[in-house]
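J.: quick check, what structure comes out for this input:
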Amino acid sequence: MLRELKLIRFIEENMSSAIVKIISGLIGLVLVAAFVLGLAGSISSGFAGFWGGLPFWVICFAVLTLVVYDFWDSCLRKE
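T.: Numbering: from 1, shown residues only. Have a look, this model is predicted:
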């Protein structure tokens, strides 16, 4: 009985930790994406124009690809 309770407690602790990790990772991913895409949009709609802001858009998509990969590697990939 005690062994089963310890197993249940272990599962609950690890599952809650994984869920918190995924939720906080998603919040961070959304905040970074909103900031980077907002910055790129403001650069392109401002003085630089579309062609002046295009290199920054390419960099932003490369950075967001790395952010999504890091989220997957840290939170979702099974070890």
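J.: how about the nearest residue to Leu64, chain neighbours excluded?
T.: Of all residues not flanking Leu64 in the chain, Ala33 sits nearest, at 5.8 Å (C-beta to C-beta, 6 or more residues apart in numbering). In this view, the C-beta of every residue, glycine as well, is placed from N, C-alpha and C.
J.: now that neighbour: how far from Tyr69?
T.: 13 Å (C-beta to C-beta, to the nearest Å).
J.: okay, these two: which has more neighbours?
T.: Taking neighbours as other C-beta atoms under 10 Å, Ala33 and Tyr69 compare with Ala33 leading, 15 against 11.
J.: and the more buried one, helix, strand or coil?
T.: helix (DSSP: H, G, I helix; E, B strand; the rest coil).
J.: which element is the residue positioned nearest the centre of the chain on?
T.: With distances taken as C-alpha atoms, centre = their mean, the residue of the chain nearest its centroid is Leu29 (2.7 Å). Using DSSP states H and E, Leu29 falls within helix 2-45.
J.: next SSE after that helix?
T.: Counting by DSSP H and E, what follows helix 2-45 is helix 49-71.
J.: buried residues, that following helix. List them.
T.: Neighbour counts over helix 49-71 (16 or more other C-beta atoms under 10 Å) mark 53, 56-57, 60, 64, 67, 71 as buried.
J.: so where's the chain uncertain?
T.: 1-5, 7-8, 11-13, 15, 79 (pLDDT under 70).
J.: try it again with 80
T.: 1-17, 47, 78-79 (pLDDT under 80).
J.: surely the residue nearest to the centre of the chain touches Tyr69?
T.: No - under the criterion of C-beta atoms under 8 Å, Leu29 is not in contact with Tyr69, lying 10.8 Å apart.
J.: quick one: the nearest residue to Gly28 once chain neighbours are set aside from Leu31, how far?
T.: Once flanking residues are discounted, Gly28 sits nearest to Phe71: 7.6 Å by C-beta to C-beta, 6+ apart. Note on Phe71: its distance to Leu31, by C-beta to C-beta, is 12 Å.
J.: same question, Val67
T.: Taking C-beta to C-beta, one finds Val67 at 10 Å from Leu31.
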